[in-house]
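1. generate coordinates for the sequence data below:
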Amino acid sequence: MLWKFKHKTPGFGIQPGYYMTVLSSKPALSPLLAVVNPKGEGGAVAGFGVPLASDSTKEDLARPMTRGIYALSSPDRKTVLKLRVVSKEEAGFDPAPFLRSPMAAGLDKELLARISATWTLMQLTFESYDPMVYEGVRFMLECCRRLAELHDGVVADPIAQTYRLPDQVFTAKAADARIDARDVVQVFIRPRRDEPSVLTSYTLGMQKFGMAEMEMPGLSSATQDLATRFLFSLAQSALLGRMIDLGDRVGDSTCMLQVAPGGLDRGMWEGIECYELIPPSGRTVDEALLAWAATSM
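-> Residues are numbered from 1 along each chain as shown. Below is the predicted model:
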């Protein structure tokens with residue numbers, strides 16, 4: 001269920017299920033004032049923080065954080081995050097299965113070392129946010145980055161299935177000052193089970209904003225990079241308010257892809273809305289991507 005808005009919005013909101021987690025590899029935590037303070041001093045994020053324990057005092061802001069719940073607010077107080085701090089044991093987090101999984105293949109060695117050394121999990125969720133969305137998302141990402149900086153940590157985005165070092169949280173040379181889809185959405189490629197040379201490109205992360213994920217089956221290896229760029233371009237347009245819907249056509253006018261109901265792989269998409277991008281009759285996805293690239297690259 002979407003929260004209600006009385007103010008102008010970009011046409012979508014942040015879903016209640018949007019959360020992120022910082023994995024700390026330090027046994028001792030920093031004070032809340034080092035994470036967020038009114039003037040953003042000492043590298044902190046500008047804003048306000050408060051422990052939510054009933055017996056907390058003002059002095060606790062300058063003491064190392066401990067197990068518990070904290071609130072983080074943007075300077076204008078439009079965005080409020082809940083920060084839950086727990087040990088990896090209490091959270092039931094065991095890094096070993098992930099480190100052995102295909103998801104860990106090719107990841108930065110420093111990132112993997114930090115995940116392996118996790119002591120504490122710090123989960124952030126939205127309690128409220130700026131109706132225009134963008135500032136709320138930025139505040140979330142800034143707080144995640146700062147927590148990871150202070151604790152030699154990793155920023156985990158479970159919905160988009162990404163793990164990032166602090167300096168990777170924001171994309172260099174952002175596509176737009178308001179938001180860059182690459183910071184909140186990821187594009188993946190997977191082979192078809194019965195024919196591994198045939199690939200499917202798909203997004204994860206659009207659901208954070210109440211939008212359908214997108215998938216594009218039938219690729220060859222020659223166009224997988226084009227497919228990644230194309231899906232990121234669609235995600236970027238959607239996040240700037242130009243959302244796609246069923247029946248729309250996207251891509252180059254000479255070979256447009258139609259937006260149709262997707263998510264036929266229920267093992268992957270159960271409970272998640274997904275659109276499939278289908279080429280015109282007699283044409284291929286590869287041809288559609290090459291036509292788009294010829295006029296947009």
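2. in the stretch 151-297 of the chain, which spans are strands?
-> 154-157, 162-164, 186-192, 195-204, 213-219, 249-250, 257-261, 274-278 (DSSP state E, counting those that start in this stretch).
3. let me know which of those is tucked in deepest.
-> Here the criterion is mean neighbour count by mean count of other Cβ atoms under 10 Å, and of the strands of the stretch 151-297 of the chain the winner is strand 154-157, at a mean of 25. For the C-beta atoms, the positions are set from N, CA and C on the backbone; glycine is no exception.
4. partners of that one, with directions?
-> Here strand 154-157 is paired, per DSSP bridges, with strand 19-24 (antiparallel), strand 162-164 (antiparallel).
5. so for it, what's the average pLDDT?
-> Averaging pLDDT along strand 154-157 yields 98.
6. what do you get for stretch 231-243?
-> The model assigns stretch 231-243 a mean pLDDT of 97.
7. indicate which one of the strands paired with strand 154-157 is closest to Q236.
-> With Cβ to Cβ as the measure, strand 162-164 is the member of those nearest Q236 (16.5 Å).
8. identify all contacting residues around the closest one.
-> With Cβ atoms under 8 Å, 6 or more residues apart in numbering as the test, strand 162-164 has contacts from L107, L111, I115, V154, V155, A156, D157, Q186.
9. repeat for stretch 62-73
-> By Cβ under 8 Å, 6+ apart, the residues outside stretch 62-73 that reach it are 28-33, 35-36, 45, 47-53, 79-87, 90, 124, 127, 139, 143.
10. 6 Å - rerun?
-> 28-29, 31-33, 36, 47-53, 80-81, 83-85, 143 (Cβ atoms under 6 Å, 6 or more residues apart in numbering).
11. next one: stretch 284-293
-> For stretch 284-293, using Cβ under 6 Å, 6+ apart, the contacting residues are 216, 218-220, 223, 226-227, 230, 251-252, 254-255, 257, 279.
12. now with 10 Å, please.
-> With contact meaning Cβ atoms under 10 Å, 6 or more residues apart in numbering, stretch 284-293 is reached by 198-201, 216-220, 222-227, 229-230, 233, 250-258, 277-280, 283.
13. show me where pLDDT drops low in the chain?
-> 1-7, 297 (pLDDT under 70).
14. same thing but at 80, please
-> 1-8, 193-194, 297 (pLDDT under 80).
15. how's it carved up into domains?
-> The chain resolves into domains spanning 19-170, 182-296 when parsed by automatic domain parsing.
16. nearest to F12, out of those domains?
-> Closest to F12 of the domains of the chain is domain 182-296 (Cβ to Cβ; 4.8 Å).
17. picking up where we left off before, can you put the strands of the stretch 151-297 of the chain in TSV and add distance to R242?
-> Formatted as TSV, these follow (distance: least, Cβ to Cβ, whole Å):
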stretch	distance to R242
strand 154-157	23
strand 162-164	24
strand 186-192	18
strand 195-204	16
strand 213-219	14
strand 249-250	10
strand 257-261	13
strand 274-278	15
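18. among the contacts of stretch 62-73, which ones are buried?
-> Burial of those was assessed by neighbour count (16 or more other Cβ atoms under 10 Å); the buried members are 29, 31-33, 36, 47-49, 51, 80-81, 83-85, 143.
19. what about the residues you listed, which are in strands?
-> Here DSSP state E is the test, and these give V36, F48, G49, P51, V80, L81, L83, R84, V85 as lying in strands.
20. could those go into JSON lines alongside distance to F170?
-> JSON lines is the format used below for these (distance: Cβ to Cβ, whole Å):
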{"residue": "V36", "distance to F170": "17"}
{"residue": "F48", "distance to F170": "22"}
{"residue": "G49", "distance to F170": "21"}
{"residue": "P51", "distance to F170": "28"}
{"residue": "V80", "distance to F170": "21"}
{"residue": "L81", "distance to F170": "17"}
{"residue": "L83", "distance to F170": "20"}
{"residue": "R84", "distance to F170": "23"}
{"residue": "V85", "distance to F170": "23"}
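21. quote the end-to-end distance of stretch 46-56.
-> 22 Å (Cα to Cα, to the nearest Å).
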